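*Asks:* okay, here's the prediction I keep looking at, along with the sequence it came from:
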Amino acid sequence: MTSGYHNTLLAQEKYSNEFLKIGVGARSLGMANSVIASTHDVHAGYWNPANLTRIENKFQVGFMHASYFANIANYDYGSVAVPTDNGVIGVSIIRFGIDDIQNTINLVDQNGNFNYANISLFSTVDYGFLVSYARKIGPEGMSIGGNAKIVYRQLGDFAQAYGFGLDAAISYEKKYWKFAGVVRDITTTVNAWSYTLDENTKEVFEQTGNEIPTNTTELTLPTAVVGTARDIPIKDLFVVTPELNFEMTFGGMRPTLVSSEGINVDPRLGLEVSYNNFIFLRGGVGQVQREPKPFEDGHNYLIQSNFGLGIMLSNLFGLGNVAIDYALTNIGETDGQLYSNVFSVRMDFNGTKPN
């Protein structure tokens, strides 16, 4: 337990709040997260809050559950969006956690004997709370939006962190074309970590060569995403929607398709084919990573591919539409060994939104 805990703390120095980058909604995951222009429902609060203005119902709710890393980690998400007279307000909650981790700090007693009764369990949990607002502005088809987000992270009784950040977004739609831009953590999100280790835990850390952590802060630098999508109607029954996104990260070189010390670019391509707004087939590619070839010059390129399906049940029980979506995806592995089955549900409640 001690070495894994120590490694977790060290990993925070390079990557921060990565759980907020996994993605929500099986539609989006099936399209390799290439959705910031075409997302037009309650999930837009996460992907592009400006697109919340496309909601035409009285209100919408969305839910998703996923298990990652061979069911070790659980990801849960819920959201609601409500149009008002002056715009659209949304709230999203995300929980990413690993439960029932064995704490073996007290496994060996003072006499050097193993006492398995001293093993306790703890959880490492990350929470994200997003409050979204969007409204239409300027030319017809243009909207702006933003998120205020609170982050709470907990490592059992050993450590916890609080953070706050802001996102900004813009979108423009003209007939079949859609354009969007999002800057996440636009002001840089700051997490303040505090640690509460008892004397026995500190002693075990010292005996096992682990550094005793001290209160610190971690920064999540801004990430910019731009994207475009186009709806292509075919014979009044089919609509084909390809979308291309470019995610740009800063603050050091990453193994993306385009990488440098100043900026890294990760392209993503998604495709959705719908039949009569009833059945949906989706696919996407992204997470293009470069890795050095062993024992020779040059690089290998690894690409993650995703797949998804969806069905829309219109006016179910007279209450509104229900969308059920499925995706076969993962969160970064490109060898296909840790793919997960993800399901999400969206409910549109009848009624006309305020003008």
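*Replies:* Perfect, thanks for sending it.
*Asks:* could you use CA atoms for every contact and neighbour count after this?
*Replies:* Noted.
*Asks:* show me the shaky parts of this structure.
*Replies:* 1-15, 331-337, 351-355 (pLDDT under 70).
*Asks:* quick one, helices of the protein?
*Replies:* Counting by DSSP state H, the chain has helices at residues 2-11, 26-30, 44-47, 199-207.
*Asks:* tell me the spacing between Arg254 and Ser120.
*Replies:* From Arg254 over to Ser120 the distance is 38 Å, taken as CA to CA, to the nearest Å.
*Asks:* and those two? which has more neighbours close in?
*Replies:* Arg254 (18 against 14; other CA atoms under 10 Å).
*Asks:* quick one, phi psi at Gln110?
*Replies:* Backbone torsions for Gln110, taken as degrees, to the nearest 10, come to phi -70, psi -20.
*Asks:* okay, now it: neighbour count?
*Replies:* 8.
*Asks:* can you start the count at 614 instead of 1 from here on
*Replies:* Sure, I'll start counting at 614 from here, so that last one is Gln723.
*Asks:* could you check how far it is from Asn813?
*Replies:* 11 Å.
*Asks:* need the contact list for the closest residue to Trp806 other than its chain neighbours.
*Replies:* Spatial nearest neighbour of Trp806, excluding adjacent residues (CA to CA, 6 or more residues apart in numbering): Ala774 at 4.2 Å. Neighbouring residues of Ala774 by CA atoms under 8 Å, 6 or more residues apart in numbering: 764-767, 804-807.
*Asks:* in CSV: those residues, plus distance to Gln902 and neighbour count.
*Replies:* Listed next are the contacts of Ala774 as CSV, based on distance: CA to CA, whole Å; neighbours: other CA atoms under 10 Å:
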residue, distance to Gln902, neighbour count
Val764, 28, 20
Tyr765, 30, 19
Arg766, 28, 22
Gln767, 30, 18
Asn804, 28, 23
Ala805, 31, 16
Trp806, 31, 19
Ser807, 34, 17
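*Asks:* redo those as a markdown table? Include distance to Ile702.
*Replies:* Output for those, formatted as a markdown table (distance: CA to CA, whole Å):
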| residue | distance to Ile702 |
| --- | --- |
| Val764 | 19 |
| Tyr765 | 22 |
| Arg766 | 25 |
| Gln767 | 28 |
| Asn804 | 25 |
| Ala805 | 28 |
| Trp806 | 30 |
| Ser807 | 33 |
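*Asks:* which of the residues you listed fall in strands?
*Replies:* Within the contacts of Ala774, residues falling in strands by DSSP state E are 764-767, 804-807.
*Asks:* and which of these is nearest Ala842?
*Replies:* Nearest to Ala842 among those: Val764, at 30.9 Å, using CA to CA.
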